[in-house]
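Q: The sequence isn't on hand, but the structure is:
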RNA sequence: GGACCCGUAGCUCAGUUGGAUAGAGCGUCGCCCUCCGAAGGCGAAGGUCGCACGUUCGAAUCGUGUCGGGUCCGCCA
């Protein structure tokens, strides 16, 4: 649980830079200090790292280039640094001694997959809520992206030092659950041999028969096996709801949640807490939280303005119980009670988030579909009001996924129940391809999921490309174990290998990339953007594939040097460290590293 | 009418939270296997970062406006 920061050469060098700046008797305000960064050089000609320290610390009297030079001089005294120069408007370019870079390899091998762990989360209790759906059917591709993004984000936050709980909110309290019960009841009547036709049955259902998919057929059969004909009339027709509704509803809900959890398990998603909206409602939590807000003067009875330009036909002003969300930046105040006095979904959701706060979470992240974007401001307002500003709600919005095959859209019809389920998707392309591909776009960008591309074994399929790099690493290490014995080629043995033979440019390029892993983790965690991990791994794989191919032209770059064990082990340390970082990244994404391609 | 998201190479997308000459893949063209996995690699061509102002040493990134695409907007959850 407790993550400790492991080697982070960028953080180390930033400390050195700050010390060098302060040695120039430059007083740094905290906000100036914060803005000083040490980042990878964009171009190899600039060295390994660049800092903006002189640009940031410059004042009217002291121009960037003037203060850069003494800072650079101070840095030159650092034994880890090879050379330092000042360029452009006042950038300080740092080139590390190659020994400094090489020393990362044993550090990475000793740390293993813990390399990249960070303490920036500070143990902050964080709750990541994702998938949260109406339990009315199997998980389909629309939920899939949120499931993967939420799960990877939670993993990422763990790696960054947050105390994370993964949570699922079961929306099991609304009218659609009653509709689900009717649909299951229909399958039950069919199972016991009702004389009713589907049309005759549907005519009796309030709101019409929904959820026509055949996934409820087994549920109906099980109900029949358990209850026989006891839930129907003597003629096997529709009995009074008091006879069957709560029984069928509860049973069906349990079955649907079992299905959903099984689907999520196929995706590799295992959440810690499942919270029931129904349980919350029945406990009276919504009324309690409304009373709490009222005590703070944030509740009033009022009439909302109709939306401008798009007033519904049947609009008529009605007094409602309203929450002053405008106090916290929302556009309009929001209703908590319907005109019949029952609570809105929003009221229940406030109670749910109040519950999270009571459980001690200080960072709440909701992973939602983009169609909930308009709902976020009122929820943020509620969390700010309830926590008196001590906790924050953040929303990660996932845009829609279009499934295509060979450029043609795959039709999805929810009404017919034939829409693409996660189960179908995983059967076709595999769990790892689904998870990785879902993370190859920013969450808030629309995505095309091309069924053909994600199984293609070419460079334009990032899943394959990254897996291939790892498989190549493992392949070399297997060959090395044959050659030198498994004892000499384990990660721990390689961590002790002498590294003098290393240091050619393509090798250093890989090590520079490995060096970035901790700061990638931090930046991705702070931005709540797990997709950055996927792009980092793709870049690392590219560096590694390049090195591999350079070995074809230049035999000194080959990993296995016949008859030269010391040189081989030095290169194997680089290979093993690369494999470690790929595994570390894939672990965040929830993707299995493969030993060989098939 | 309003809110949120997006707009970067012919196409699909990154861009390290304000840094230097804006990067990948696909597609096009030209190369590299006697050799650890060529399921790969190297190179060339391709750009007014939608547009216009503004903020400052410096803008794809921040602000305002505007155009285009998407999502949403009181008793649905």
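A: Looks like it arrived, so ask away. On a predicted model such as this, the values are computed, not experimentally measured, just so you know.
Q: Which of the three states applies to the most centrally placed residue in chain A?
A: Centrality entry for chain A: nearest residue to the mean C-alpha point is residue A:153, 2.6 Å, by Cα atoms, centre = their mean. At residue A:153 the chain is in helix, as set by DSSP: H, G, I helix; E, B strand; the rest coil.
Q: Test my guess that it contacts residue A:530.
A: Yes. With contact defined as Cβ atoms under 8 Å, residue A:153 reaches residue A:530; the gap is 4.9 Å. From N, CA and C alone the C-beta is placed, and that goes for glycine too.
Q: tell me which parts of the stretch 251-400 of chain A are close to RNA strand B?
A: A:277, A:303-304, A:306-310, A:312, A:314-318, A:320, A:331, A:335, A:338-340, A:342, A:344-346, A:370-375, A:377, A:397, A:399-400 (Cβ under 7 Å from any atom of the strand).
Q: For the buried ones among these, write the corresponding PyMOL selection.
A: A single PyMOL command selects the buried members of these (16 or more other Cβ atoms under 10 Å):
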select buried, chain A and resi 277+320+335+344+346+375+377+397+399
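Q: In helices, which of the residues of the stretch 251-400 of chain A next to RNA strand B fall?
A: Counting by DSSP state H, these place A:277, A:345-346, A:377 in helices.
Q: of those residues, closest to RNA strand B?
A: Nearest to RNA strand B among those: residue A:345, at 3.0 Å, using Cβ to the nearest atom of the strand.
Q: wait, doesn't the closest one sit right on residue A:175?
A: No. The criterion here is Cβ under 8 Å, and residue A:345 misses it with residue A:175 at 10.4 Å.
Q: quick revisit: where's the residue nearest to the centre of chain A relative to residue A:581, distance?
A: Distance of residue A:153 to residue A:581, computed by Cβ to Cβ, to the nearest Å: 20 Å.
Q: Not counting its neighbours along the chain, what's nearest residue A:350?
A: Distances taken as Cβ to Cβ, 6 or more residues apart in numbering put residue A:382 closest to residue A:350, at 4.5 Å, once the chain neighbours are dropped.
Q: Quick one: mean pLDDT for the helix or strand harbouring that neighbour?
A: Element membership for residue A:382, per DSSP states H and E: helix A:376-387. Averaging pLDDT along helix A:376-387 yields 92.
Q: What is the burial count for residue A:485?
A: Residues lying near residue A:485 (other Cβ atoms under 10 Å) number 11.
Q: What backbone torsions are found at it?
A: Backbone geometry at residue A:485, expressed as degrees, to the nearest 10, gives phi 90, psi 140.
Q: Ok, residue A:119 next?
A: Reported as degrees, to the nearest 10, the phi and psi values for residue A:119 are phi -110, psi 10.
Q: what's the answer for residue A:48, then?
A: Here is the backbone geometry of residue A:48 (degrees, to the nearest 10): phi -90, psi -40.
Q: Averaged over its residues, which helix or strand of chain A has the lowest pLDDT?
A: Lowest by mean pLDDT, DSSP states H and E among the helices and strands of chain A is strand A:408-409, with a mean of 74.
Q: tell me what it is packed against?
A: Contacts defined by 3 or more Cβ pairs under 8 Å, 6 or more residues apart in numbering; DSSP states H and E place strand A:408-409 against no helix or strand at all.
Q: Does RNA strand B have contacts with that strand?
A: No. Judged by Cβ under 7 Å from any atom of the strand, strand A:408-409 and RNA strand B are separated, with a smallest distance of 13.3 Å.
Q: Kindly report the residues of the stretch 451-598 of chain A close to RNA strand B.
A: A:457-460, A:464-465, A:468, A:471-472, A:475-476, A:479, A:516, A:519, A:523, A:526-527, A:529, A:531-532, A:535, A:538, A:542, A:545-553, A:555, A:557-560, A:596-598.
Q: Narrow the residues you listed to just the buried residues.
A: A:464-465, A:468, A:471-472, A:476, A:516, A:519, A:523, A:529, A:531-532, A:538, A:542, A:547-548, A:550-551, A:557-560.
Q: Where does pLDDT dip in chain A?
A: A:1-5, A:26-27, A:60, A:308-314, A:407, A:411-419 (pLDDT under 70).
Q: ok, the residue lying closest to residue A:178 once chain neighbours are set aside - how many residues close by?
A: The spatially closest residue to residue A:178, leaving aside those adjacent along the chain, is residue A:249, at 6.9 Å (Cβ to Cβ, 6+ apart). Around residue A:249 there are 20 other residues, counting by other Cβ under 10 Å.
Q: sorry, back to before: contacting residues for the residue nearest to the centre of chain A?
A: The neighbourhood of residue A:153, defined by Cβ atoms under 8 Å, 6 or more residues apart in numbering, consists of A:128, A:130, A:365, A:367, A:396, A:528, A:530.
Q: Any chance of the backbone angles for the fourth one?
A: Note on residue A:367: backbone dihedrals following degrees, to the nearest 10 are phi -90, psi 120.
Q: Tell me which stretches of the stretch 401-550 of chain A form strands.
A: Assigned by DSSP state E, counting those that start in this stretch, the stretch 401-550 of chain A shows strands spanning A:401-405, A:408-409, A:447-450.
Q: In CSV: the ones you listed, plus mean neighbour count and distance to residue A:158.
A: Below are the strands of the stretch 401-550 of chain A laid out as CSV (neighbours: other Cβ atoms under 10 Å; distance: least, Cβ to Cβ, whole Å):
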stretch, mean neighbour count, distance to residue A:158
strand A:401-405, 17, 25
strand A:408-409, 9, 36
strand A:447-450, 19, 25
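Q: Redo the ones you listed as CSV? Include distance to residue A:122.
A: Formatted as CSV, the strands of the stretch 401-550 of chain A follow (distance: least, Cβ to Cβ, whole Å):
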stretch, distance to residue A:122
strand A:401-405, 34
strand A:408-409, 45
strand A:447-450, 33
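Q: Determine which of those approaches residue A:89 most closely.
A: Closest to residue A:89 of these is strand A:447-450 (Cβ to Cβ; 38.6 Å).
Q: Neighbouring strands of the closest one in the sheet, and parallel or not?
A: Paired with strand A:447-450 in the same sheet, following DSSP bridges, are strand A:401-405 (parallel).
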